[in-house]
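Undergrad: Need a 3D model of the following:
(2 chains)
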Amino acid sequence: MTKSTHLLSWFLQLCIVALLAPAAYFKLTDHPESIELFTDLDMEPTGRYVIGFLEAIACLLLLIPQAIIHGALLSLCVMMGAIIAHFTKLGFSEMFSFAPILLVILAAVIIFLRRSQIKSIARMLD
Amino acid sequence: MAGSVDLHKVSKFANMAIPSLAVLFFVGGVYVSFYFHFLTVAFILLTVVNLFYLHIQRKHTILRNFGILGQARYFIESIGPEMRQYLFANDTEERPFNRIERSEIYRKAKGVDSASSFGSQLDFDNSEIKIRHSMYPVNMDQITPFSLTFGEERGLKKAFTITKPYMISAMSYGALGENAVRALTRGAKLAGIPMNTGEGGTPKYHMEEGGDLIFQMGTAKFGVRNDDGSLNDQLLLDLIANDSIKMIEIKLSQGAKPGKGGLLPKEKITKEISELRSVPMGVDVVSPAHHIECTDGESTIKFIKRVQDLTQIPCGIKLCVGKTTEFREIIREMKAQDIFPDYIAIDGAEGGTGAAPKAFMDGYGMPLMAAIYSANKILTDEGVRNRTKILASGKLINSNKQFIALALGADAVCSARGFMLALGCIQSMLCGNNTCPAGITTHDPELQRGLDVEEKSTRIANYVNGLEHDFYEMLAASGIREAKDINIDHLYIPSDTALSDQIQFIVKETSEY
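TA: This is a model prediction of the structure:
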């Protein structure tokens, strides 16, 4: 990784954390809007805690140098779930409904930038 | 069982099943429970990776044909060496050292009794060299203790005497990490044997630990070089001002890669090492194939004389024998100039290394036993055997092999890997990767952490004591009263060994040459 891609990756990581951390916080602190959302998905309250917990973990991993790639993968997965939710149940009524799409793209870019750090995949690409 | 399962069909089924399952789980997520989407997401990812393997990447045929199931092959292959070593390889089939040989060293190093039961696991009908005992063993108190003085032939004031027939072969800081160097040097000091510093430049950590050191001057002369690779006299004098340095070894070639210079992979070049050797970071350091001063027999001997005159301490050479005719020529050149190195260390082709090209490691050089016999025979034939000493190295990790080398003409034996095993090496063969799990050939502080210098240095001393105990027991059993009396008559040499071939060859060569 060159210095510029390194910086770009960190900028993107911080963007994801900035968007994901509040989402995790609201879910884990029983924010009414989160409760409403997960009631619509019929996942209240277990699903809300599980997803909130996964989002929090993803944020943490994105900030630990050795685990960035895993954080990016985890946020990619969680956000894919969110996109499915918006497409199938929730709709795109509000601005923040589009956030998961943005986050998936950011996570994908980070994974691409750091592809050499996935050991098993790196060996395949050599 | 060939063809009992058509793996291509299985993989085609899997390649269809993965996206189908993704769709199925998606439907489940929409109509049954949103929790199904955890699986949907996982299978979408698998589908994407699989599509990448099958249609985008072009480097791996197996992945392109079989997709994600093909990855199992790579995974299983990657854990193969560990599986074989732990589960499937039998006690006598591993290389370079099988489990029987390794366990023997571990036992010696830990000071555990090494008596075995029921019988030998070696194959007695094959071509192994055995040692002949005497019907009349001698008592321990009849044996003269071992002593060997380097430089006595030249009447050096700083002649160097060893009292055990062992030395630790050349291992530099660079090839080894700091902890390993400290443990080995400290252990050597405890055991009272010298350690060779290797060609890694100023042997900082070796010298910090003290003890007796042999400074190795490799072909690149790290630590004592001018910019063009020639010897800088002043730097060498400055270095030997340190009392620890008892001898100088000019490395002409090495058994693991004869005809090539040393190689330190870039992974192992830390900032400190780049400074100690004055080499750049980030590129492999490849030493030249020969000393710039040594282009033929005459110049080589002159260079040896220059170092001897300059340092006034014993000065030997290390080489792997290639052509015996060349070896004979250089001995004749020594006779002509009346200059002899204080010792000639013969490195067998089976010698170890941190990094060497496969072709050289596997295919070049004469095996030790044949080489040591030839060197001794040629020196004797030329009438100059008493002018120098012969050291032997190359897989001499256990008492038997060492005794055989001594019987074939060596005055003392050197080993590196034997001492690495005593240090806790588990033969994972990663010396060049900087990822040594035993913390020996790595500079990674997290891996070196496990290697406790104090604890392991006593293992080195235990190992030496164990070897020495065996050595005297074997002398007694063979009815030998003094180590210098060990000779080839004490060996049983089957006719289909490399050594047996060489004995016949060298007799023929001697009559023709």
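Undergrad: Quick check: closest non-adjacent residue to the residue nearest to the spatial centre of chain A.
TA: With distances taken as C-alpha atoms, centre = their mean, A:Ser75 lies nearest the centre of chain A, 2.6 Å away. Computed as C-beta to C-beta, 6 or more residues apart in numbering or on different chains, the closest residue to A:Ser75 that is not its neighbour in sequence is A:Ala58, at 4.1 Å. In short, each C-beta sits where N, CA and C put it, glycine included.
Undergrad: And for B:Ala175?
TA: Per C-beta to C-beta, 6+ apart, closest to B:Ala175 is B:Gly354, 4.4 Å.
Undergrad: And the one you found, how far from B:Gly450?
TA: 19 Å (C-beta to C-beta, to the nearest Å).
Undergrad: Okay, helices next: where are they in the stretch 351-500 of chain B?
TA: B:358-363, B:368-381, B:399-407, B:417-422, B:445-448, B:453-477, B:498-512 (DSSP state H, counting those that start in this stretch).
Undergrad: hmm, back to that, pull the number of nearby residues for the residue nearest to B:Ala175.
TA: 24 (other C-beta atoms under 10 Å in any protein chain shown).
Undergrad: and it, what is it in contact with?
TA: B:175, B:263-265, B:268, B:431-432, B:441 (C-beta atoms under 8 Å, 6 or more residues apart in numbering or on different chains).
Undergrad: Tell me which two of these sit farthest apart.
TA: B:Leu263 and B:Thr441 (13.2 Å; C-beta to C-beta).
Undergrad: Between those two, which is the more surrounded one?
TA: B:Thr441 (25 against 19).
Undergrad: isn't the more buried one right up against B:Tyr173?
TA: No: B:Thr441 is not in contact with B:Tyr173 according to C-beta atoms under 8 Å; the separation is 11.1 Å.
Undergrad: in stretch B:11-18, what counts as buried?
TA: For stretch B:11-18, a neighbour-count test (16 or more other C-beta atoms under 10 Å in any protein chain shown) marks B:11, B:14-15, B:18 as buried.
Undergrad: quick one: which two of these are the most distant?
TA: The most widely separated members of the buried residues of stretch B:11-18, counting by C-beta to C-beta, are B:Ser11 and B:Ile18 (10.6 Å).
Undergrad: picking up where we left off before, out of the buried residues of stretch B:11-18, which sit inside strands?
TA: If you go by DSSP state E, these have nothing in strands.
Undergrad: Okay, now the unreliable bits of chain A?
TA: Along chain A, the model assigns pLDDT under 70 to residues A:119-126.
Undergrad: let's see it at 90
TA: Applying pLDDT under 90 to chain A flags the ranges A:1-3, A:33-34, A:36-37, A:40-44, A:66-67, A:87-99, A:114-126.
Undergrad: so where's the longest helix in it?
TA: helix A:3-28 (DSSP state H).
Undergrad: what comes up buried for that one?
TA: Residues A:9, A:12-13, A:16-17, A:19-21, A:23-24, A:26-28 are the ones in helix A:3-28 that count as buried (16+ other C-beta under 10 Å).
Undergrad: which parts of the helix or strand following that helix are buried?
TA: Where DSSP states H and E defines the elements, the next helix or strand beyond helix A:3-28 is helix A:32-40. Neighbour-count burial for helix A:32-40, counted by 16+ other C-beta under 10 Å, picks out A:34, A:37-38.
Undergrad: most centrally placed residue in chain B?
TA: Note: chain B centre (C-alpha atoms, centre = their mean) maps to B:Gly352, 2.5 Å.
Undergrad: Not counting its neighbours along the chain, what's nearest that one?
TA: B:Arg417 (4.7 Å).
Undergrad: again, but for A:Leu113
TA: A:Ser9 (4.7 Å).
Undergrad: Neighbours of B:Val138, how many?
TA: There are 15 residues near B:Val138, going by other C-beta under 10 Å.
Undergrad: what about it, distance to chain A?
TA: 60 Å (C-beta to the nearest C-beta, to the nearest Å).
Undergrad: Can you spell out which helices and strands pack onto the longest helix of chain A?
TA: helix A:32-40, helix A:46-63, helix A:68-85, helix A:99-113 (3 or more C-beta pairs under 8 Å, 6 or more residues apart in numbering or on different chains; DSSP states H and E).
Undergrad: Tell me what angle that helix forms with helix A:68-85.
TA: 50 degrees (axes from the mean of the first three to the mean of the last three C-alpha atoms, to 10 degrees).
Undergrad: Helix A:3-28 vs helix A:99-113, what angle?
TA: Using the same axes, to 10 degrees: helix A:3-28 against helix A:99-113 is 140 degrees.
Undergrad: could you check the angle helix A:46-63 makes with helix A:3-28?
TA: Going by the same axes, to 10 degrees, helix A:3-28 makes 160 degrees with helix A:46-63.
Undergrad: can you pull the contacts of B:Asn376?
TA: Counting by C-beta under 8 Å, 6+ apart, B:Asn376 has contacts B:385, B:390, B:408-410.
Undergrad: picking that back up, pick the most buried one from the helices and strands packed on helix A:3-28.
TA: Comparing the helices and strands packed on helix A:3-28 by mean neighbour count (mean count of other C-beta atoms under 10 Å in any protein chain shown), helix A:68-85 comes out on top with a mean of 22.
Undergrad: who's in contact with the residue of the stretch 101-250 of chain B found nearest chain A?
TA: Nearest residue of the stretch 101-250 of chain B to chain A (C-beta to the nearest C-beta) works out as B:Gly177 at 21.5 Å. Taking C-beta under 8 Å, 6+ apart, we find B:Gly177 in contact with B:436, B:439-444, B:447-448, B:451.
Undergrad: repeat that for 7 Å
TA: For B:Gly177, the contacting residues are B:439-443, B:448, by C-beta atoms under 7 Å, 6 or more residues apart in numbering or on different chains.
Undergrad: do the same with B:Tyr106
TA: Contacts of B:Tyr106 by C-beta under 7 Å, 6+ apart are B:Leu421.
Undergrad: Secondary structure element for it, which one?
TA: Applying DSSP H and E, one finds B:Tyr106 within helix B:99-110.
Undergrad: Name the residues of that helix that are buried.
TA: Buried residues in helix B:99-110 (16+ other C-beta under 10 Å): B:99-109.
Undergrad: Ok, stretch B:18-25 next?
TA: B:18-19, B:21-22, B:25.
Undergrad: Tell me which residues touch the closest residue to chain A within the stretch 251-400 of chain B, please.
TA: Nearest to chain A in the stretch 251-400 of chain B, going by C-beta to the nearest C-beta, is B:Gly282, at a distance of 14.5 Å. Counting by C-beta under 7 Å, 6+ apart, B:Gly282 touches B:Lys266.
Undergrad: quick revisit: ok, the buried residues of stretch B:18-25 vs B:Glu275, which is closest?
TA: For those, the nearest to B:Glu275 is B:Ile18 (53.1 Å; C-beta to C-beta).
Undergrad: count of residues packed around the residue in the stretch 51-200 of chain B positioned nearest to chain A?
TA: Chain A sits closest to B:His60 of the stretch 51-200 of chain B, with a gap of 6.2 Å, by C-beta to the nearest C-beta. Look at B:His60: counted by other C-beta under 10 Å, it has 18 neighbours.
Undergrad: same thing with A:Arg114?
TA: 17.
Undergrad: Compute the distance between it and A:His70, please.
TA: In terms of C-beta to C-beta, A:Arg114 sits 10 Å off from A:His70.
Undergrad: Just give me the neighbour total for B:Val413.
TA: B:Val413 has 27 neighbours, counted by other C-beta under 10 Å.
Undergrad: Touching, it and B:Lys164? I think so.
TA: No: taking C-beta atoms under 7 Å as the definition, B:Val413 is not a contact partner of B:Lys164, at 10.1 Å.
Undergrad: residues in contact with B:Met247?
TA: Listed by C-beta under 7 Å, 6+ apart, the contact set of B:Met247 reads B:150, B:160, B:214, B:313-316.
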